[in-house]
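Chemist: missing the sequence, but the structure's below:
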């Protein structure tokens, strides 16, 4: 399929620019920009190799939920992935200086990238066990579904419940969209947010996603697809020699993306400019992913400054997608590359918004974080950082690139 681009890059002073004015991130590395920046300067941790042995996950760091979800009733009715997303959204609103601004929140748009929710494993197991013993399995199944799943529990399976809870807890009540579709959902959430601002269809948008790795449905799906890394965790680029595999990660990442003049009118400080998001889908045949990425790169290449550019890769570790992304990245040498999955694990829909947030933090610092890649694939960078390209290659479908630039 052909690549698509939203919004042409332009340096004209009158152009509508999409600025990122707030980031809210949580992961196994901790909470917030400073915690992540510090953790990215240390070697990646081993993850949790016990809970889902022989597979490894990166669980979410301990959170004081009261700080962003003050009502205990709200906390109780959410599944873990909803709490992660609602918490991260609150951090983003705080970062942008709009938390509690009822007038602005009432017209703030929201785009969420989400999976299908979490299953109640105990209920599922009981129903499946009972079906084998029942003389009337259809009636048994209907009765159990009616009686064993409370309304709140059943609704917790719906992907748009993350957006609903953000609206309830934080008061974001403009238009709302929820995208499903694994890694492509995260790419398209950011792409559409940027495009709507460029087209004067939105002035300010909250966009992001959440993922909980520590749950049976995620682990079962990835395990059945033979996508998971087994045994002692290795850095991402080192896994290819042993067949590859992803380490699932719990992530929450939200961005406040705002039109330049809207931000200036409220004296907001921009973190970075989100200059372009391009996306496409390649068939999983040899060479197709690399070719798609080359085509997407060609759309942004005229605007790149190679000596002040770094790449943050969302490579999953799953093969053959990661090998094809590596082939594409190899042709970009000597640009500095950093694969964040070694630190964070892979958060599927949330990986792209998370990496955009990390790119924004790096651009604020004026430098890329160090590499802990033992293969030598990732290069050092001493020059000041002014641009970052963020990549996303789905473990099964979908590709995307984003260009972020320093403001001023």
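Modeler: Arrived safely. Model, not experiment: these values are computed from the prediction.

Chemist: report the central residue of this structure.
Modeler: By Cα atoms, centre = their mean, the chain has its centre lying nearest to residue 350, at 2.0 Å.

Chemist: output the below-cut-off pLDDT ranges for the stretch 1-150 of the chain.
Modeler: Under the criterion pLDDT under 70, the flagged ranges of the stretch 1-150 of the chain are 1-14, 149-150.

Chemist: test my guess that the residue nearest to the centre of the chain contacts residue 209.
Modeler: Yes. Counting by Cβ atoms under 8 Å, residue 350 does reach residue 209; the two are 4.0 Å apart. Any C-beta I mention is one placed from the backbone N, CA and C, and that applies to glycine too.

Chemist: overlap in contacts, these two.
Modeler: 113, 186, 251-253 (Cβ atoms under 8 Å, 6 or more residues apart in numbering).

Chemist: is there a quick ChimeraX command that grabs whichever of these are buried?
Modeler: Buried members of the shared contacts of residue 350 and residue 209, defined by 16 or more other Cβ atoms under 10 Å, are picked up in ChimeraX with:
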select :113,186,251,252,253
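
Chemist: looking at the shared contacts of residue 350 and residue 209, which are in strands?
Modeler: 113, 251-253 (DSSP state E).

Chemist: mind putting the shared contacts of residue 350 and residue 209 into TSV with distance to residue 172?
Modeler: Below are the shared contacts of residue 350 and residue 209 laid out as TSV (distance: Cβ to Cβ, whole Å):
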residue	distance to residue 172
113	16
186	19
251	20
252	15
253	16
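
Chemist: farthest pair within the shared contacts of residue 350 and residue 209?
Modeler: Every pair in the shared contacts of residue 350 and residue 209 was compared (Cβ to Cβ); the two farthest apart turn out to be 186 and 252, at 12.3 Å.

Chemist: so what's the backbone phi/psi at residue 179?
Modeler: phi -110, psi 140 (degrees, to the nearest 10).

Chemist: surely it is in contact with residue 188?
Modeler: Yes. Residue 179 is within contact range of residue 188, at 5.4 Å (criterion: Cβ under 8 Å).

Chemist: quick one: terminal-to-terminal distance for stretch 358-378?
Modeler: The straight-line separation of the ends of stretch 358-378 (Cα to Cα, to the nearest Å) is 17 Å.

Chemist: how about it: buried residues?
Modeler: Buried residues in stretch 358-378 (16+ other Cβ under 10 Å): 358-364, 368-369, 371-373, 377-378.

Chemist: apart from its neighbours in sequence, what residue is nearest residue 180?
Modeler: With sequence-adjacent residues excluded and distances taken as Cβ to Cβ, 6 or more residues apart in numbering, residue 180 is closest to residue 159, at 5.3 Å.

Chemist: so which strand or helix has that neighbour?
Modeler: Residue 159 is part of no helix or strand when elements are defined by DSSP states H and E.

Chemist: could you count how many residues lie near it?
Modeler: Number of residues near residue 159 (other Cβ atoms under 10 Å) recorded here: 19.

Chemist: tell me the pLDDT at it?
Modeler: pLDDT recorded at residue 159 is 79.

Chemist: do I have it right that it meets residue 115?
Modeler: Yes. Between residue 159 and residue 115 there is a contact at 6.6 Å, judged by Cβ under 8 Å.

Chemist: what ranges do the helices span in the stretch 201-350 of the chain?
Modeler: 216-224, 260-265, 288-300, 321-330, 341-344 (DSSP state H, counting those that start in this stretch).

Chemist: want to try a markdown table for the ones you listed, with distance to residue 134, mean neighbour count and mean pLDDT as columns?
Modeler: Output for the helices of the stretch 201-350 of the chain, formatted as a markdown table (distance: least, Cβ to Cβ, whole Å; neighbours: other Cβ atoms under 10 Å; pLDDT from 0 to 100):
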| stretch | distance to residue 134 | mean neighbour count | mean pLDDT |
| --- | --- | --- | --- |
| helix 216-224 | 24 | 16 | 89 |
| helix 260-265 | 59 | 16 | 97 |
| helix 288-300 | 47 | 19 | 97 |
| helix 321-330 | 43 | 20 | 97 |
| helix 341-344 | 44 | 26 | 97 |
